[in-house]
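Asks: Sequence first, then the predicted structure:
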Amino acid sequence: MEHIRTPKVEKVRLLDRSTGQRKVSIGTLYLSATHTIFVENNPETRRETWVLHSMVSSVERPPSTPAGSQLILRCKDFRVFQILIPQERDCVDVHASLGRLSRPEKYSELYCLSFNPNANKEERQESWSFIDLMADYKRMGVPNNLWVSTAANSEYRVCDTYPSELFVPRSATPATIVGSSRFRSRGRFPALSYFHQDTLAAVCRCSQPLSGFSGRCQEDEVMLQAVMKSNPGSDFIYVVDTRPKLNAMANRAAGKGYENEDHYTNIKLQFIGIENIHVMRSSQQKIIDVGEMRSPSMTDFLWGLENSGWLKHIKAILDAGVFITRAVADEGVSVLVHCSDGWDRTAQACSVASILLDPFYRTFKGFMALIERDWVSFGHKFSHRYAHLDGDPKEVSPVIDQLLECVWQLSEQFPCAFEFNERFLIAIHTHVYSCQYGTFLGNCQKERRDMRLRERSHSVWPQLWKDRAEFTNPLYKAELSQSQGVLRPNTTPYCFKMWKGLYNHLEKSTPPRQSPADFLSAVREESQQLEEELTNHQERIAALTGRPITSEKIEVPRRRTRHLRYRHSGPDPPTFADPITSPAHENTRTLSSDPANQKAQTQDPPHPPPLGLQLAPEDLYLCSDLESGVADLSSRSSSAGDDGKDPDPE
Amino acid sequence: MEKQSGPAGTTDRAGPNRKLWGSPTCSPSAGDTPDSPTGSQVEWCKQLIAATISCQISRSVQPDVVNRDIKNHPSLGCRVQVKMLHNQVPLLPGETIQIIVKDVMYICPFSGLVNGTLTITDYKLYFTSVEKECPFIVDVNLGVISRLEAISSLPNQGENTKGLELICKDMRNLRFAYRTEETQPDVVEVLAKHTFPLSHNQPLFAILYKEQFPVDGWKVYDPAAEYRRQGLPNESWAISKMNSTYELCDTYPSILVIPTNITEDDIKRGALFRAKHRLPVLSWIHPESQATIVRCSQPLVGPSDRRCKEDEHLLQIIMDANAQSHKLTIFDARQISVAVTNKAKDGGYESESFYPNVELIFLDIPNIHVIRESLRKMKDVVYPTIDESHWHSAIDQTHWLEYIRLLLAGATKMAYKLESGKTSVVVHCSDGWDRTAQLTSLSMLMLDSYYRTLRGFQVLVEKEWISFGHRFSARVGHGDENHANSERSPLFLQFIDCVWQMTRQFPAAFEFNELFLITMLDHLYSCLFGTFLCNSEQEQAAKETQAKTVSLWSYINSQPEDFTNPFYVNYENHVLYPLVSSRHLELWSSYYARWSPCMRPQVPVHQTLKDLLILRAELQKKVEELRRESPSQSLFFSSEHSPAPPHATGTSLHTAV
């Protein structure tokens, strides 16, 4: 609170560049302890825009103009707001306050520690046990006679960034583990990530060895031997170094490096060539710029896309996953994955491989468990990478963004294979940055335990699970063979697209987007209703006539998608139910009656409005309506002159 | 009513293909048939979908095998059941085998050498191999071949081995190696004779093709009926038979729509002022505002800035026919510099000072030579291998997407002017048969939902392209061995690509699917049907094409369910404005890159929906039945359960099933 210099500024103009609107709205700007809130003056709509402080990535103050002073707010979910404040003094105050508020210095300032989603203590505790990692290990058949639990790290004594519960080869003794951990960067010794029951091959992870040019360590060699022996089906293992070979060699000069194939018996070393976090950070900035370009030419766009290198990096990560998958599923060979510290690229590669290998990880619960395992428990440095606290900007990098994008690219290639849709991935992306829940806080398990986060905050997973109707992919069919078994994606360049849903806020609310998936949801729901009605009628006839029901029951592919909730802000593809089913001439009427309903829904947010929401009925109408791209002859006044049309493309 | 191919028919069709889909490696989704309610339908949908997008299923199947399915041979389509045994070539009615060559080597760019037998008929080239476990087939119709070339150097082959490369119009090249024997006539000679029949004074295969279809596609387009649908004639526009003998303009259709307030003499004199006498005539009229799309060719202004009173008068009348606006917009598809250069060649553009209240807009679309070159570069980029590290910049250097963007942007401007500005538009390029046809048909597609149906699209192509004299024969080069002819250009392909881009942005607005678009393109080259053979309506009439050949639409409309988009919802009265921003255009890789073995079939999104729609239709029927039944048995509860709105709308969707 002490950081807020001006809690309220009036007559502020706001332009939300990310929704693609060109209209400026005038209203009042409030600064609260957690949010920046903008309330429109227009008495009819009173549209509110909420931006969580932790979602703000930067606040710029370009030179003042005669109309007032400007602020440009860039958010971590790639939204951009332009704010014009009449008095320069106010602007300076807001700038300073926001600058401080968006850069908390202590964990205690974070939103999740003040955020209380009306849940009592029991519910909070339950929320933390929603995803049970041990249950997932059990699901993959661990522990067994090959892989056993080890207590070596129970008090984080061996490796402080590892979880306390780990699985290692049966033949690995505590001495071997400790010895191996001394030879590994940050003590991250080889441990089990995924066990493939069909072939008994495993995916293990660790960090780079401290080999330098000639160093070796007997325990580490024994450890790798043990990993190999835990797979009865093969006589060697792959060691996947996810770095470019050059980087790995450079590390040798610093006393680190990679495994020498002469020292280890029966290993095959494979480099993949995923670039480091610094390259990724600047690459992402470039693709954000491509997303923000205003009416780029074809050349600008294609060159921008290629020069960003982003899709190439995504491909490299998928390639790593594909390599591991082939080794495990086709060859039945275990794989040990590492990069430098084994918490960024290693997490990416292991996760992608798990998703390709095991259909479970393509479901809601599975994907949650995967992130909980490979990322949260294995010490991916969330707070550093996603700048939860004011810190070293060189530590920041979009590592999990890339995993989410890999999954998105996969879901484009295999639209029926994932239980969840793009919105789920975007929701996770948002929560990784938002600090609204304690799940992603801190840098490792030990830190979270020391902070007593389980007592002081909530887990995000039950919340996402509760909202799953909105996140469900209507095309998903668990029984479909495509959803089963191993995914073998095509990684030729033309299979990679720019993820417009995430990076291109500018246009995503304007395009005349018709989404087959949303359409499908609507049809499916309708079938459901029909079926219910059918049963109804049958029962009634049976009751009336006393005759048994004659017509046979029709089997419906059963996956209930209850009413899709109207979502905040522009990004989402429209729910199809309204525009698609109402005949053209009725459109205007539907629209006029609809905002009332939506208002009812949106005016009553379940909790303090979570992350930068926009609660605007007419905005909802815009995004839930096809008319953004389809003009209607019979009601031509309604949208004929819409800016979105881009009648004069430059 | 057109559902003559029930489950039995579908299995027949599936016959030859089943090997592919049924083999364990190929058909990943075969397992879920039994539990679905309409098993055979589902099975059939799967094949359809696979064929639609298809190229390749798994690494073990050769891409070229699957080509067969994209071609979707008409003979397999309806009733004729073709038995395909090993080494036996399936023949179309009227097709005859010309030569069979044994021990031919197919040099596959993806899997190396394959040894087999090559059969050449008067329609196709058919290569089979029994070397591998699953039969390997390359089936290419001769029409698609643009050029035959001998390969001089063949490594590791004997003295009397010759190499042959077929350069195709559909983005691929095929290479064969064969032994030469003196006793046998040379393969190349036979091949050339039938690939380029016109250069050898032979008829095109379309004339020999004897398939019978239950539907006559030549009846799809009836100009009078189409103009009646548009509400013509009316007080301002008349349907004229002035051109019934093609004397007024030999590349125009016989039936034209011209203003009522003008004399025949003025029309005749005005026509002389337009290139190739292609005077301004109506293409489409807005049902409410009466604003019109009018097409023509460039005015013959010449270096001395000639004027023509009648032409100016005609445009004035066209403007006056639309009471909503006192302006007229002329879209010149060319770049302004090109239009200026054309003045020197006796062409030119309308001067705004001679035509009052006329606004002239140049759309900057390049000419046929630029487009041809762009596609040639595209072929280099996508076939046979692609450069992984420079994919986007390589695509950019072809400029293909940029030209697609220009076309779509131009058509969108026209549609916008007409719809929102309520202003009539006149379109021309140089001769008014290439870019003009692209622009009018695209803007009509945006403005009029009828053209977005399966039938309507056929009418659109028949009207704006075929009847208005797009020079298909010259642009495609049917049966002509002069591959370097500068008249050739893939303008129709470019148009279909634009349509595809629109279907991507509005997946529910079009009744037809991707297979329909690809089938059209395949038969644009195949010379199997008479639809795309001629340069003009006059030529079509003179050659009696309609009597002597089969229409592509006969085939399409005999099995419309194959070409129907399950997502289709009829947006009547909706105007579509596609986004032409570069971020929203994509390379149509399922067409351009379809021969690549890593093109996987996309996943059956359509199929899931189709299942669901079928299911819903069934449920709906049941509910209706029950609803009818229940009030008859009791009256007292009928009020309680009135039909809910979703069901009413359901029926409208139902039609799409």
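Replies: Received the coordinates, thanks. Numbering: from 1, shown residues only, chains lettered A, B, ... in the order given.
Asks: Chain B versus the nearest residue to A:G342 once chain neighbours are set aside, what's the distance?
Replies: In space, and not counting its chain neighbours, A:G342 is closest to A:S207: 3.5 Å by Cβ to Cβ, 6 or more residues apart in numbering or on different chains. C-betas here are computed from N, CA, C, even on glycine. In this view, A:S207 and chain B are 30 Å apart by Cβ to the nearest Cβ, to the nearest Å.
Asks: Neighbours of A:S207, how many?
Replies: 23 (other Cβ atoms under 10 Å in any protein chain shown).
Asks: How about B:A238?
Replies: 18.
Asks: that's a strand at it, yeah?
Replies: Yes - under DSSP: H, G, I helix; E, B strand; the rest coil, B:A238 sits within a strand.
Asks: Assess the claim that it and B:I258 are in contact.
Replies: Yes - between B:A238 and B:I258 there is a contact under Cβ atoms under 8 Å: 6.3 Å.
Asks: Not counting sequence-adjacent ones, nearest residue to A:G179?
Replies: Computed as Cβ to Cβ, 6+ apart, the closest residue to A:G179 that is not its neighbour in sequence is A:E219, at 2.6 Å.
Asks: Now do the buried residues in the longest strand seen in chain B.
Replies: Scanning chain B for the longest strand, with DSSP state E as the assignment, gives strand B:97-108. Going by neighbour count (16 or more other Cβ atoms under 10 Å in any protein chain shown), the buried part of strand B:97-108 is B:Q98, B:I99, B:V101, B:V104, B:M105, B:Y106, B:I107, B:C108.
Asks: quick one: pLDDT of the second one?
Replies: Translated: B:I99. Turning to B:I99, the model gives it a pLDDT of 90.
Asks: who touches it in this structure?
Replies: B:T119, B:I120, B:P185, B:V187, B:V190 (Cβ atoms under 8 Å, 6 or more residues apart in numbering or on different chains).
Asks: so how far is chain A from it?
Replies: For B:I99 relative to chain A (Cβ to the nearest Cβ), the value is 38 Å.
Asks: what residue ranges in chain A score low on pLDDT?
Replies: Scanning chain A for pLDDT under 70 picks out A:1, A:18-22, A:115-119, A:480-483, A:504-520, A:546-650.
Asks: Show me the longest helix that occurs in it.
Replies: Identified as the longest helix of chain A according to DSSP state H is helix A:516-545.
Asks: does any bit of that one sit next to chain B?
Replies: Yes - against chain B, helix A:516-545 shows contacts by Cβ under 8 Å from any Cβ of the partner chain at A:516-517, A:519-520, A:523-524, A:526-527, A:529-531, A:533-534, A:536-538, A:540-541, A:544-545.
Asks: Quick one: list the elements packing against that helix.
Replies: Applying 3 or more Cβ pairs under 8 Å, 6 or more residues apart in numbering or on different chains; DSSP states H and E, we find helix A:516-545 packed against helix A:577-581, helix B:605-633, helix B:645-654.
Asks: what's the helix or strand hosting B:D380 packed up against?
Replies: B:D380 is part of helix B:368-382, with elements assigned from DSSP states H and E. Contacts defined by 3+ Cβ pairs under 8 Å, 6+ apart place helix B:368-382 against helix B:391-398, helix B:400-419, helix B:491-505, helix B:589-592.
Asks: can I get the CA coordinates of the third one in CSV?
Replies: Output of helix B:491-505 as CSV, limited to C-alpha atoms (Å, rounded to 0.1, in the frame of the first residue of the first chain):
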residue,chain,number,x,y,z
LEU,B,491,-4.6,-18.3,-62.9
PHE,B,492,-7.4,-20.7,-62.1
LEU,B,493,-5.2,-22.4,-59.5
GLN,B,494,-4.6,-19.0,-58.0
PHE,B,495,-8.3,-18.4,-57.8
ILE,B,496,-8.9,-21.8,-56.1
ASP,B,497,-6.1,-21.0,-53.6
CYS,B,498,-8.0,-17.8,-52.7
VAL,B,499,-11.2,-19.8,-52.3
TRP,B,500,-9.3,-22.2,-50.0
GLN,B,501,-8.0,-19.3,-48.0
MET,B,502,-11.5,-18.1,-47.5
THR,B,503,-12.7,-21.6,-46.5
ARG,B,504,-10.0,-21.5,-43.8
GLN,B,505,-11.3,-18.3,-42.4
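Asks: anything in it near chain A?
Replies: Yes - using Cβ under 8 Å from any Cβ, we find that helix B:491-505 touches chain A at B:Q505.
Asks: Next one: the residue nearest to A:S377 when sequence neighbours are not counted from A:R188, what distance?
Replies: The shortest distance from A:S377 to any non-neighbouring residue, by Cβ to Cβ, 6+ apart, is to A:P163 (4.1 Å). Computed as Cβ to Cβ, to the nearest Å, the A:P163 to A:R188 distance reads 11 Å.
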